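[1] Next comes the sequence, and after it the predicted model I'd like to discuss.
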Amino acid sequence: MSKSQKCRLRNILISAFLFLFALIFPFKKFFPEKTADILSAIIFLGAYLIIGWSVLYKAFRNILNGQIFDENFLMTVATIGAIALGDYKEAVAVMLFYQIGELFQDYAVGKSRESIAAMMDLRPDIANVIRGENIEEVDPEEVEVDEIILVKPGERVPLDGVVIEGESRLDTVALTGESVPQSIGVDDEIYSGSVNQNGLLKIRVTKPFGESTVARILELVENASDKKSRSENFITKFAAVYTPVVVISAVLLAVVPPLFFHGEWSVWINRALIFLVVSCPCALVISIPLSFFGGIGGASRKGILIKGSNYLETLANVKTMVFDKTGTLTNGTFTVTAVHPDLIPEAELLEFAAHAEGFSTHPIAQSIKKAYVKDINIARVTANEELSGEGIISIVDGKQVLAGNGKLMATHMINPHECHLNGTVIHVAIDGLYAGHIVISDTIKPDSADAIRGLKANGIRRTVMLTGDKKAVAQDVASQLSIDECYPELLPQNKVEIVEKLLSECKESDKLAFAGDGINDAPVLTRADVGIAMGAMGSDAAIEAADIVLMNDKPSDIVKAISIARKTLRIVHENIIFAIGIKLLVLILAAFGHATMWMAVFADVGVAFLAILNAMRCLR
Amino acid sequence: MKKVIKLKDLDCANCAAKMENNIKKIPGVTDASVNFMMQKMTIETDTDDFDALMQEVIKVCSKVEPDCEVLYKK
């Protein structure tokens, strides 16, 4: 509790004590009737001033500043009105209840703000830089690129870099939501914000702090609540209309019945005062942004960064989900999926192919070498020529090895066997004889099928896959994942056209989301209602263009993001309906004389407090 | 130019909304947003004299919520 909150608590206690004393003490036993009345009135007034002076003061000051309809003013009018009607007890009780409610509300907002902030607290405080012989503790912002920093076990990695010494396990849960630690060694890239678990690491810094992963995430999440959702804008507009309308009705209620319909002044003024107490829109104005903030905070904890409350709202209404294939639903890296040898054994075919590709850095060569597993003895390769668009000609162990596509085989008069599998086929010929082929293809991510199933279970009506890949490959992937539609052989600009066509087929209230891995998907990411970039750590273009960034490579995180969005929206709607409903109910009851001032204060601060508690559920 | 300025003791969400609206009306401010949760405001402006603009912003803020302090130094 802060100092000012403690001070308010003290005032509440003193005032409550005086209030109870005046209520219980039998003045009439000790004093004549007149004196007793005056004494108790004085004590009530004392209690009122102790608890209410700050409200009175603020109301006065704000009127001087031209702010009329604020809650201080409304409470002042309501309670002074009660005193004028001779109802001291009610004035003190209402003010007390109001202040208790305010204190609770303040405390709850403060707490939730703290807990959200703590959850997003990735900011590293210090970096240990090795400068000459010494290790200096400095602010991460002062570390320059290419300096060497030391990260001890248990410390948060302060800057992005490359490991140059040491081995360890990294806890990346704060970045990606992934709880399995990642092992890391020399030459591995390391992201700031992760926590070094057990080994001492020396890291060469590759980016200044301002461009580091952690700085970027913090900036993104902290700015997220600047982009307001439709619900928030609605509430702001609603509040701007609601308060004056209620205040005007209060005035009418106080004046019209007594003047024209022989109503009793004190009765109608009392009802009008109740209107004034209910007229503050605070419950809504606090709890709605808090819910969105909580939702965004909770999502970031799971490695899902949402750039604004508005996107959370749109995401909740997504009915069409469009995916890019490569890198999103599939791993985007090529792996050897089949080896079909002719003449020689499988292992030997792979061995020759791997050595033939020994010098190449082409992705196909990389994947063949990876499949070979064993070390490549580069001395066995005596000549090597790479023909772009065809393949490779190498001399391995003195034998001429051709590895490449059908075109390469054709120019060397070799007749290859066709393959029934989808993917890229690398034919191998040794000394002019066909030796077999190796099939390389992209593999589907293990959780892609789960993701599609989860999306369908969550009411996504249409799943679509876009790809630049060949028709056969695309259809294969689409049917394995049971994706509804697939558009193959697209160029980047075609993808935008297709998304525009799909958008025009959506109903107004239904939204379309596009998930891609970012690099050449930027135009589509911007065109869709919600652009989701996957596995985007380190890819600037994707973070720029997307509305939602998944730190992980997992398509199933999209399902998580959608359910977080839906939950947040549900809580927002609950709060809107609850707060407006209770207020309207009390207003109606008050107009007919069935509401007390107590109920009014509950409809103001009590509702706000409950709405805040409800909003906090968004965090989980 | 876009600047982020921290706020202290911004205790009322309704006041934050009012501040935002009033800041947006200041000539030279192209966009403004007061973030109640993060206790900060973002001001976008095309003015050259940012200090003068900030004096105006501080005046507007203290009118709405005198207890809230704008942490801006020249």
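    Perfect, thanks for sending it. Numbers count the residues shown, from 1 in each chain, chains lettered A, B, ... in the order given.
[2] and stretch A:430-450, average pLDDT?
    When pLDDT is averaged over stretch A:430-450, the result is 87.
[3] again but with stretch A:123-131, I slipped
    Averaging pLDDT along stretch A:123-131 gives 84.
[4] residue farthest from the centroid of chain B?
    Ranked by distance from the centre of chain B (CA atoms, centre = their mean), the top residue is B:D48, with 17.0 Å.
[5] how close does it get to B:M1?
    Look at B:D48 and B:M1: by CB to CB, to the nearest Å, they are 9 Å apart. C-beta here means a position set from N, CA and C on the backbone, and glycine is covered the same way.
[6] Could you pull up phi and psi at the residue farthest from the centre of chain B?
    Torsion angles at B:D48 (phi, psi; degrees, to the nearest 10) stand at phi -90, psi -30.
[7] Contacts only, for it.
    Not one residue lies near B:D48 by CB atoms under 8 Å, 6 or more residues apart in numbering or on different chains.
[8] repeat that for 10 Å
    B:1, B:28 (CB atoms under 10 Å, 6 or more residues apart in numbering or on different chains).
[9] residue ranges for the strands of chain B, please.
    B:2-8, B:29-35, B:40-45, B:69-71 (DSSP state E).
[10] For the first one, C-alpha coordinates in CSV please.
    In this case it means strand B:2-8. Extracted in CSV, the C-alpha atoms of strand B:2-8 (Å, rounded to 0.1, in the frame of the first residue of the first chain):
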residue,chain,number,x,y,z
LYS,B,2,6.9,11.0,-31.6
LYS,B,3,7.7,11.3,-27.9
VAL,B,4,6.9,9.2,-24.9
ILE,B,5,6.6,11.0,-21.6
LYS,B,6,6.1,9.3,-18.2
LEU,B,7,3.4,10.3,-15.8
LYS,B,8,3.3,10.0,-12.1
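[11] What are the contacting residues of that strand?
    With CB under 10 Å, 6+ apart as the criterion, strand B:2-8 contacts A:219, A:222-223, A:226, B:16, B:19, B:30-31, B:33-36, B:38-45, B:50, B:53-54, B:57-58, B:61, B:65, B:67-73.
[12] Let me know the angle separating that strand from strand B:29-35.
    Comparing the axes of strand B:2-8 and strand B:29-35 via axes from the mean of the first three to the mean of the last three CA atoms, to 10 degrees yields an angle of 40 degrees.
[13] Then the third one?
    Calculated by the same axes, to 10 degrees, strand B:40-45 forms an angle of 170 degrees with strand B:29-35.
[14] Count the residues that sit near A:F104.
    16 (other CB atoms under 10 Å in any protein chain shown).
[15] actually B:D11, sorry about that
    So B:D11, with other CB under 10 Å, has 17 neighbours.
[16] now do the same end-to-end measure for stretch B:65-72.
    Using CA to CA, to the nearest Å, the end-to-end distance of stretch B:65-72 comes to 16 Å.
[17] per-residue confidence averaged over that stretch?
    81.
[18] on that earlier part again, so for A:G436, which of the strands of chain B sits nearest?
    Closest of the strands of chain B to A:G436 is strand B:2-8, at 61.1 Å (criterion: CB to CB).
[19] List the strands paired with the closest one, with their directions.
    When pairs are called by DSSP bridges, strand B:2-8 turns out to pair with strand B:40-45 (antiparallel), strand B:69-71 (antiparallel).
[20] Pick the most buried one from those strands.
    A comparison of the strands paired with strand B:2-8 by mean neighbour count, using mean count of other CB atoms under 10 Å in any protein chain shown, puts strand B:40-45 on top with a mean of 20.
[21] contacting residues around that strand?
    Contacts to strand B:40-45, defined as CB under 10 Å, 6+ apart, come from residues A:222-223, A:225-226, B:1-7, B:10, B:16, B:19-20, B:23-24, B:26-35, B:50, B:53-54, B:57, B:61, B:70-72.
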